[in-house]
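>>> Predicted model and sequence follow; I will ask about them next.
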There are 2 protein chains.
Amino acid sequence: MAEATNQFETDLPRREANFAPLSPMSYLMRSAAVFPNATAVHHGRAYSYREFAERCRRLASAFAKRGLGLGDTVAVMAPNVPALLEAHYGVPLFGGVLNAINIRLDAGAIAFILEHGEAKAIIVDREFSPVIAEALKRMDRQPLVIDYDDEMTEAQGGRRGPRLGEVDYEDFLGEGDPAYEWQPPADEWQALALNYTSGTTGDPKGVVYHHRGAFLNAMGNAMVLGLEQGSSYLWTLPMFHCNGWTFTWGVTAMAATHVCLRKVDPALIYPLIEEAGVTHMCGAPIVLNLLAHAPADIRRPLPRPVRVMTGGAAPPSTVILRLEKQGFEVLHAYGLTESYGPSTYCAWQQDWAELPLEQRAIKMARQGVGYPTLQEASVRDPETLEAVPADGETVGELMLRGNTIMKGYLKNPAATEKAFAGGWFRTGDLGVLHPDGYVEIKDRSKDIIISGGENISSLEVEEVLYRHPKVLEAAVVAQPDMKWGETPCAFVTLQEGEELTAEELVAWCSEHLARYKLPKRIIFGSLPKTSTGKIQKFVLREQAKEGV
Amino acid sequence: MAEATNQFETDLPRREANFAPLSPMSYLMRSAAVFPNATAVHHGRAYSYREFAERCRRLASAFAKRGLGLGDTVAVMAPNVPALLEAHYGVPLFGGVLNAINIRLDAGAIAFILEHGEAKAIIVDREFSPVIAEALKRMDRQPLVIDYDDEMTEAQGGRRGPRLGEVDYEDFLGEGDPAYEWQPPADEWQALALNYTSGTTGDPKGVVYHHRGAFLNAMGNAMVLGLEQGSSYLWTLPMFHCNGWTFTWGVTAMAATHVCLRKVDPALIYPLIEEAGVTHMCGAPIVLNLLAHAPADIRRPLPRPVRVMTGGAAPPSTVILRLEKQGFEVLHAYGLTESYGPSTYCAWQQDWAELPLEQRAIKMARQGVGYPTLQEASVRDPETLEAVPADGETVGELMLRGNTIMKGYLKNPAATEKAFAGGWFRTGDLGVLHPDGYVEIKDRSKDIIISGGENISSLEVEEVLYRHPKVLEAAVVAQPDMKWGETPCAFVTLQEGEELTAEELVAWCSEHLARYKLPKRIIFGSLPKTSTGKIQKFVLREQAKEGV
């Protein structure tokens, strides 16, 4: 606190009665007290908020009895099941730090993360016991292993592997006290969660979240997506992805229902939307794509509107339009692991309703404006840090700052300093600021194609490819070119049963793009994806080089 | 921040990129940036968010040019007009502290407040220039006086007094810079506003708010009352009352519309609800009463549902039912000046919908549960501080704690210490905790009537009186009694044109109350009110004594 400089700062310090560290744990405490009978979790059966909170307290207590305490890491390897959700409370409740691991990682990456994060315990869904067994073999550290045996495994497309640990999750809960008393963190800056970036180059970095940031971003989510008591949120977004973009805490804040789901499969999703009264969900564009293009016998009309937040890449306008026709309301958000997931979103403007569908979808695909809980989102010159003019043309780097930006990278001060240089978090994404104040990402710095001195946005070319009715997915990268330096190379997956030649597709592009932006080469086939469902452009870049 | 005790607290300090002091000023900045063309203020004409923010920046800049700075107090004497709303931003934007004065106060009280709060300037709506002139005469300190000349004065039932100050408000704005740059406070604990309690005994106390608390309570309001972009909030609650329960900032947070209103008059309110598309409002029960009992030629069906938050006293169930029939949705909240206005509210439970109207209204009249932004609301033994059992019977004192509790009382450390003794803010209200976790206030400590050793809740007797179809308002206080110590004395206002005898009313009460709780005396007539519209029980207590 500043020195007492005036009458208002004299004899009026923070104290127990008027100051409490912000923490998303308070959401659980409150929802369990106020709505004890509301459904907290839906997974085969329904768990009330009373039961959910008791299970979380038991979990915290069981860890504490085993000697875990302040700052100890607990890892979880599980899809979107109750145990992973419970760990979002049961771990911080005893002062621990939750490390939710990406289930698509291989044993080597998992071993690295468990060693680097110094996990003292790990909860393992039986579907993933084989890869965890392999990871543990490679490690010196041997954390306490807790097996989670989900009876919904087979019904949701999984297979249970062998038991691995020394204790079963439900038995472990049995060791704990359902009345375990939570003490708020001494400081709201205290670490809450550890999330490793997917790390396209080098070792993954451990992003550290604090209680303050999670409290605020969760509240921002509730405001932006319009959650309320009685809402039902379907877990199509992995909880291991930025703690489910902090919806793990935001849904609880509103005493709404978490609908668990092990696998993103339209054949599971459409019936669950009906059965669990789903009103909200999130997912990468690939999830939207799957829903939009599900076979006709699986797709069905929605019983009520479902708001979908998407992010990770701009949703192609064709997908937005297609989903809207089905009854989904698509909201585009933008963020990174370092920003607790979503930190900007494309806030709806009332006058957009009058726009033709295509123009409206283009507006809606922008990254938009800062969350009410973010301090500032700004497009700036990466060298001078000067803000670019709001002309929709001048490209700069999107920079963020505020309370919903990570503490930094674990045990990596060099990377932390670099990320925060100049007082902003550097996203590495290049974009423009439109006259209406909306940000549009044009490309990752490394995704810009420089052809004959002209910048070509790979996103712009992809957007045109996506609009072709026979195209399912598309990705554009630079390929080396003797004459131009670089030219665009497109990788395209067609929709099932469709046929199209490269010439036809280039002809389509030439109707919408300047000549220098046209793909010089088109390669048909499926696209390589990262463990979080993002297209692996670095793999495509290698392929593009090889073929030249 | 705690010492680095583990890997997560090492090399990961707060810095500019990832920490920003919370401040409700950021709501204005954001709404003006994201929704510049949305209507911010409706008062005769519409002000867009762009214009509103420019006016606020001008105001801050003009004060700064006149030499005001960090911690300087600016007072405002005005009804709910744009100038008072603008001061909620224009004053804190330059680092100042807003002191909104209750317009019903007399010159003596105003002079005390201006001296005690050390106001450097005061904005005076011309309707109140006579009383301010009188107050200034009594003072040593002579603040800069700025006249606000509202063209809506006469249309909304007021009269303009003479100009008093050295500069007109609009000219003053003209001195300021519409691009004035806001710097967030160095510390979110920095003072933001000063609100004097109505002070039924002794001098009023100056309650100090900080930026953090206002940011959070405003967000809590938006969540609890369900504000969103496009909402239209009618200012039936005085802005000088706990800064309009922090809706002055909460409405802006959602880029919703502030509909100004000088006077609570159903003949103004019903047409304004239609004209300005009102969706939300707040007010003391007396406001609800006025709306419910407005003459038939003034009342009209609502064009859409209007959510009304009420507080200050429990709304009588008859009023809730009557308003519901008209299309209002009544939400009961509870709070004090010390808690930034509302800090608990009667959260709706889905199974209440099945209850008979009367039972439902009784549930809805409880004070309920803590805001999501409050840390804890608890009923405790005032001596031992132990929580009472949730049995709906054991009476204790309602105590609050969390970030939305005042910094303390200005220049009054003794009162501050007393209010916060034991780590809780003592509300002085006595109540019970129901088995469902909902608080119900039974009485102010001093409003309990002790008759023959039995406690009688004056609220309970009032509730029965209110349910009589001919009763408009009722208040019950203790009168001295030779035999019983105290007995209930009722003051009752009948609805216009109705007649009723004391005997008939006591007979009605005896159907619903134990014999010892029946009013021993009933006095018909109008009820004295405080400047904030609360019934002045201390006046009634004196009258009750006199008549015995």
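Structure's in. What do you need? Computed from a prediction, not measured in an experiment: that's the story for all the values here. Numbering: from 1, shown residues only, chains lettered A, B, ... in the order given.
>>> ok, residues contacting the longest helix seen in chain A?
Longest helix of chain A, by residue count under DSSP state H: helix A:49-65. The contact list for helix A:49-65 (Cβ atoms under 8 Å, 6 or more residues apart in numbering or on different chains) reads A:28-29, A:31-32, A:35-41, A:47, A:72, A:74, A:82, A:86-87, A:89-91, A:93-94, A:96, A:121, A:172-180, A:182, A:255. Using the backbone N, CA and C atoms, a C-beta is placed for each residue, glycine as well.
>>> What residues of it count as buried?
Using 16 or more other Cβ atoms under 10 Å in any protein chain shown as the test for burial, helix A:49-65 gives A:49-64.
>>> Same question for stretch A:334-342.
A:Tyr334, A:Gly335, A:Leu336, A:Thr337, A:Glu338, A:Ser339, A:Tyr340, A:Gly341, A:Pro342.
>>> can I get these in CSV with pLDDT?
Shown next, in CSV, are the buried residues of stretch A:334-342 (pLDDT from 0 to 100):
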residue, pLDDT
A:Tyr334, 94
A:Gly335, 93
A:Leu336, 92
A:Thr337, 93
A:Glu338, 96
A:Ser339, 97
A:Tyr340, 97
A:Gly341, 95
A:Pro342, 96
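>>> Get me the contact residues on the stretch 401-548 of chain A for chain B.
Counting by Cβ under 8 Å from any Cβ of the partner chain, the stretch 401-548 of chain A comes close to chain B at A:401-403, A:405-408, A:410-411, A:413, A:416, A:419-420, A:423-425, A:437.
>>> And the stretch 101-250 of chain A, by the same measure?
Looking at chain B, the residues of the stretch 101-250 of chain A close enough under Cβ under 8 Å from any Cβ are A:118, A:184, A:186-187, A:189-191, A:194, A:208, A:213, A:219, A:222-223, A:226, A:228-230.
>>> Go ahead and build a PyMOL selection from the buried members of those.
Remark: buried members of those, expressed as a PyMOL selection using 16+ other Cβ under 10 Å:
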select buried, chain A and resi 118+184+189+190+191+194+208+213+219+222+223+226+229+230
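>>> So which of the residues of the stretch 101-250 of chain A next to chain B are in strands?
A:Ala191, A:Leu194, A:Val208 (DSSP state E).
>>> and the lowest-mean-pLDDT helix or strand in chain A, what does it pack onto?
Counting by mean pLDDT, DSSP states H and E, chain A has its least confident helix or strand at strand A:454-457, which shows a mean of 75. Strand A:454-457 is packed against strand A:448-451, with contacts defined by 3 or more Cβ pairs under 8 Å, 6 or more residues apart in numbering or on different chains; DSSP states H and E.
>>> what comes up buried for the strand it packs on?
A:Ile448, A:Ile449, A:Ser451.
>>> got it, and stretch A:541-548?
A:Arg541, A:Ala544.
>>> send the alpha carbons of that stretch over as CSV?
Extracted in CSV, the C-alpha atoms of stretch A:541-548 (Å, rounded to 0.1, in the frame of the first residue of the first chain):
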residue,chain,number,x,y,z
ARG,A,541,6.5,-26.2,-43.6
GLU,A,542,8.9,-29.1,-43.7
GLN,A,543,6.8,-31.0,-46.2
ALA,A,544,6.5,-27.8,-48.3
LYS,A,545,10.3,-27.4,-48.3
GLU,A,546,10.8,-31.1,-49.3
GLY,A,547,8.6,-31.0,-52.3
VAL,A,548,10.1,-28.0,-53.9
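>>> how is chain A carved up into domains?
Split into domains by automatic domain parsing, chain A comes to A:284-446, A:452-547.
>>> Out of those domains, which gets the lowest mean score?
Within the domains of chain A, confidence is poorest for domain A:452-547, with a mean of 87 (mean pLDDT).
>>> and that one, how far from the chain's centre?
25 Å (Cα atoms, centre = their mean, to the nearest Å).
>>> swap in stretch A:293-300?
On Cα atoms, centre = their mean, the centre of stretch A:293-300 falls 26 Å from that of its chain.
>>> residue ranges of the helices in the stretch 401-548 of chain A, please?
A:413-419, A:458-467, A:502-510, A:537-547 (DSSP state H, counting those that start in this stretch).
>>> Verify the stated contact: A:Leu331 with A:Leu225.
Yes. Assessed by Cβ atoms under 8 Å, A:Leu331 is found in contact with A:Leu225 at 6.7 Å.
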